[in-house]
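Enquirer: based on what follows, work out the 3D shape:
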Amino acid sequence: MGNRKLRMGMIGGGPGAFIGDIHRMAARLDGRIELVCGAFSSDPEKSKKAGEDLLLPPDRAYGSYTEMIHREGELPDDKRMDFVSIVTPNHVHFEPAKLALQNGFHVVLDKPMTLNLAEAQKLKQLVDQTGQVFCLTHTYTGYPMVKEARHLIGMGKLGEIRKIYVEYPQGWLATRLEATGNKQADWRTDPARSGVAGSMGDIGTHAANLAEYVSGLKITRVCADINTIVEGRVLDDDGAVLLKFENGASGVLLASQVAAGEENNIKLRIYGEKGGIEWEQEAANRLLVKWRDKPAEVRRTGNNVSYLSKVAAYNTRTPAGHPEGYLEAFANLYRNFANTVAARMNGEQPEPEWTDFPDAEDGLRGMLFIEKVIESGRSDKKWILMDES
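Expert: Here you go, the predicted model:
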């Protein structure tokens with residue numbers, strides 16, 4: 001491919017969308033990626049207008065994702081997109097991702113991976129068959145101090161992991177916002193577009209992914225209490241899950257979108273036989289490391305901090321004391337994905353830190369978590385196995 005920017009197409013992210021702008025900002029932060037085309041809305045006119053607002057050539061703003069993928073595939077190698085970023089509601093994840101992979105394009109996909117587990121299984125199989133690079137945007141894995149925590153646990157510094165607590169409280173759906181015409185609330189509370197879960201699909205998957213990513217352990221069983229608190233709402237807006245992990249460790253996961261006054265302060269605590277770690281998004285530059293037999297230490301991010309692990313340092317962008325946040329974490333996923341794709345195109349082996357982003361296996365596990373948690377919440381059975389049967 002030589003020394004050039006990767007060319008990105010986008011599906012979704014048009015008028016009224018929140019996450020599309022976030023993806024576009026994150027993708028261009030490192031100067032490795034440029035947006036060259038898009039199908040930004042299911043309404044062709046809105047898609048064309050979005051393309052105009054984003055200063056794209058009129059013939060690169062498409063009326064549908066099928067038109068975009070087929071037309072881009074017909075362009076010469078030096079013009080067409082290299083990958084597609086899909087930022088649509090959940091029910092429009094599988095088909096565009098499938099079509100992109102089948103037509104030779106790499107894929108970045110917003111979470112959760114698909115509308116249901118069956119689609120996730122098919123998409124994971126297709127990723128494996130095509131060999132295309134696939135990234136699922138579980139943003140919180142992009143934070144430097146999350147990676148530092150993962151490194152400490154992976155090196156055995158905390159000893160055998162015994163207990164994991166993860167919580168994601170939000171308050172934005174504490175009222176029936178979907179009844180007011182709010183686009184984001186509307187689709188997230190609609191089973192036809194969101195799937196079988198509400199809060200557990202939207203933010204519970206983030207919490208489960210973070211727990212598995214940092215601990216290096218897979219969840220094997222769940223026991224869930226699922227609630228729909230706001231009157232008139234169909235899907236869950238609150239829940240708690242007891243967790244069992246593959247090494248025998250136990251945990252608790254909380255996810256609520258009716259915690260009035262809360263914003264997006266996802267929190268994680270993990271305890272081993274020698275000590276524990278604590279991290280929260282609202283103080284994302286800080287990692288608290290607690291020891292059984294000595295005072296606790298506070299680790300802070302910064303590209304001039306010598307004690308950080310290689311992977312944390314690689315994902316750090318600013319000097320100590322200059323806060324990094326959500327956009328930078330998002331951008332780390334895009335940068336790592338772009339580096340991996342570029343290496344593949346050049347016939348090179350990507351560096352290990354470049355491949356550090358959520359993949360199709362993480363997406364499959366997220367959908368497995370959603371379906372098993374809802375199954376558990378509807379059942380009188382105490383524990384449900386986290387398997388694909």
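Enquirer: ranges for the helices of the stretch 1-150 of the chain?
Expert: For the stretch 1-150 of the chain, helices defined by DSSP state H, counting those that start in this stretch occupy the ranges 19-28, 44-53, 65-74, 94-102, 117-130, 144-154.
Enquirer: what is the longest one packed up against?
Expert: For helix 117-130, the elements it packs on are helix 94-102, helix 360-378, judged by 3 or more C-beta pairs under 8 Å, 6 or more residues apart in numbering; DSSP states H and E. C-betas here are computed from N, CA, C, even on glycine.
Enquirer: to His322, which of the helices of the stretch 1-150 of the chain lies closest?
Expert: With C-beta to C-beta, the closest approach to His322 among the helices of the stretch 1-150 of the chain belongs to helix 144-154: 12.2 Å.
Enquirer: tell me which residues of that closest one come out buried.
Expert: Pro144, Met145, Val146, Lys147, Glu148, Ala149, Arg150, His151, Leu152, Ile153 (16 or more other C-beta atoms under 10 Å).
Enquirer: which residue, other than its chain neighbours, is closest to the second one?
Expert: Same thing as Met145. What sits nearest to Met145 in space, not counting adjacent residues and going by C-beta to C-beta, 6 or more residues apart in numbering, is Leu287, at 4.1 Å.
Enquirer: quick one: that neighbour and Glu148 touch, right?
Expert: Yes. Between Leu287 and Glu148 there is a contact at 5.5 Å, judged by C-beta atoms under 8 Å.
Enquirer: mutual contacts of these two, please.
Expert: With contacts defined as C-beta atoms under 8 Å, 6 or more residues apart in numbering, the residues adjacent to both Leu287 and Glu148 are Arg299.
Enquirer: what strand or helix carries the residue nearest to Met145?
Expert: Assignment of secondary structure by DSSP states H and E places Leu287 within strand 286-291.
Enquirer: give the partner strands of that strand in its sheet and their orientations.
Expert: strand 275-280 (antiparallel), strand 297-300 (antiparallel) (DSSP bridges).
Enquirer: need the three-state assignment for the most far-flung residue of the chain relative to its centre.
Expert: Among the C-alpha atoms of the chain, the one most distant from their mean position (C-alpha atoms, centre = their mean) is that of Asp293, at 35.9 Å. Recorded secondary structure, Asp293: coil (DSSP: H, G, I helix; E, B strand; the rest coil).
Enquirer: state the distance from it to Ile374.
Expert: 42 Å (C-beta to C-beta, to the nearest Å).
Enquirer: picking up where we left off before, can you list the helices and strands packed on helix 117-130 in TSV and add distance to Arg71, mean pLDDT and mean neighbour count?
Expert: Rendered in TSV, the data for those read as follows (distance: least, C-beta to C-beta, whole Å; pLDDT from 0 to 100; neighbours: other C-beta atoms under 10 Å):
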stretch	distance to Arg71	mean pLDDT	mean neighbour count
helix 94-102	12	98	21
helix 360-378	26	97	23
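Enquirer: could you export these as TSV, including distance to Glu45?
Expert: Listed next are the helices and strands packed on helix 117-130 as TSV, based on distance: least, C-beta to C-beta, whole Å:
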stretch	distance to Glu45
helix 94-102	20
helix 360-378	32
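Enquirer: quick one: closest of these to Leu210.
Expert: Comparing these by their distance to Leu210 (C-beta to C-beta), the top pick is helix 360-378, with 10.8 Å.
Enquirer: output the contacting helices and strands for the closest one.
Expert: Checking 3+ C-beta pairs under 8 Å, 6+ apart, helix 360-378 ends up next to helix 117-130, strand 134-136, helix 205-215, strand 219-227, strand 238-245, strand 384-385.
Enquirer: and the angle from that helix to helix 205-215?
Expert: Note on geometry: by axes from the mean of the first three to the mean of the last three C-alpha atoms, to 10 degrees, helix 360-378 and helix 205-215 are set 120 degrees apart in direction.
Enquirer: what angle do helix 360-378 and helix 94-102 make?
Expert: When the same axes, to 10 degrees is applied, the directions of helix 360-378 and helix 94-102 differ by 160 degrees.
Enquirer: so how far is helix 360-378 from its chain's centroid?
Expert: In terms of C-alpha atoms, centre = their mean, to the nearest Å, the gap separating the centre of helix 360-378 from the centre of its chain is 14 Å.
Enquirer: alpha carbons only: can I get it in CSV?
Expert: As requested, the backbone C-alpha atoms of helix 360-378 are provided in CSV (Å, rounded to 0.1, in the frame of the first residue of the first chain):
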residue,chain,number,x,y,z
ALA,A,360,-14.9,-10.9,16.4
GLU,A,361,-14.4,-13.3,19.3
ASP,A,362,-15.1,-10.4,21.7
GLY,A,363,-18.2,-9.6,19.7
LEU,A,364,-19.4,-13.2,19.9
ARG,A,365,-18.8,-13.3,23.6
GLY,A,366,-20.8,-10.0,24.0
MET,A,367,-23.8,-11.5,22.3
LEU,A,368,-23.5,-14.7,24.3
PHE,A,369,-23.4,-12.6,27.5
ILE,A,370,-26.6,-10.7,26.4
GLU,A,371,-28.6,-13.7,25.6
LYS,A,372,-27.5,-15.7,28.7
VAL,A,373,-28.1,-12.9,31.1
ILE,A,374,-31.6,-12.3,29.7
GLU,A,375,-32.3,-16.0,29.8
SER,A,376,-31.1,-16.1,33.4
GLY,A,377,-33.2,-13.1,34.3
ARG,A,378,-36.3,-14.8,33.0
